[in-house]
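Colleague: Requesting a structural model of the entry that follows:
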Amino acid sequence: MTPLVEGDDFYYEGPYMVFTEAYLRGRGYCCESGCRHCPWGYRKSLRSEVPTDEPDPQTE
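Modeller: Take a look at the predicted model:
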């Protein structure tokens, strides 16, 4: 495993390490953690933990 490069793979925002879109895309999958630069568009705040019986209008 190659070491992460600050500025290319991540940067610090206060005490938090924020991965770049380039790093996340290179990783090859979405971890569903709500990463700020998720190249797959996953947003944790939009995800519901409660299942619904109603159809998703975006998939119809």
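
Colleague: going forward, measure contacts between C-alpha atoms and count neighbours the same way
Modeller: OK.

Colleague: where's stretch 34-42 relative to the chain centroid, distance-wise?
Modeller: Averaging C-alpha positions (C-alpha atoms, centre = their mean, to the nearest Å) puts stretch 34-42 3 Å from its chain's average.

Colleague: go on, stretch 17-27?
Modeller: Offset of stretch 17-27 from its chain centre (C-alpha atoms, centre = their mean): 8 Å.

Colleague: pLDDT averaged over that stretch, what's the number?
Modeller: Averaged across stretch 17-27, the pLDDT comes to 95.

Colleague: Give me the contacts around it.
Modeller: Stretch 17-27 is touched from outside by 8-12, 30, 35-39, with contacts defined as C-alpha atoms under 8 Å, 6 or more residues apart in numbering.

Colleague: May I have it as PDB, with CA atoms only?
Modeller: These are the backbone C-alpha positions of stretch 17-27, laid out as PDB (Å, rounded to 0.1, in the frame of the first residue of the first chain):
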ATOM      1  CA  MET A  17      -8.700  14.500   7.400                       C
ATOM      2  CA  VAL A  18     -10.700  15.000   4.200                       C
ATOM      3  CA  PHE A  19     -10.100  12.600   1.300                       C
ATOM      4  CA  THR A  20     -10.000  14.200  -2.200                       C
ATOM      5  CA  GLU A  21     -12.300  13.000  -5.000                       C
ATOM      6  CA  ALA A  22      -9.200  11.700  -6.900                       C
ATOM      7  CA  TYR A  23      -8.300   9.500  -3.900                       C
ATOM      8  CA  LEU A  24     -11.800   8.200  -3.400                       C
ATOM      9  CA  ARG A  25     -12.200   7.500  -7.200                       C
ATOM     10  CA  GLY A  26      -8.900   5.600  -7.200                       C
ATOM     11  CA  ARG A  27     -10.100   3.500  -4.200                       C
END
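
Colleague: Please consider this matter closed, and thank you.
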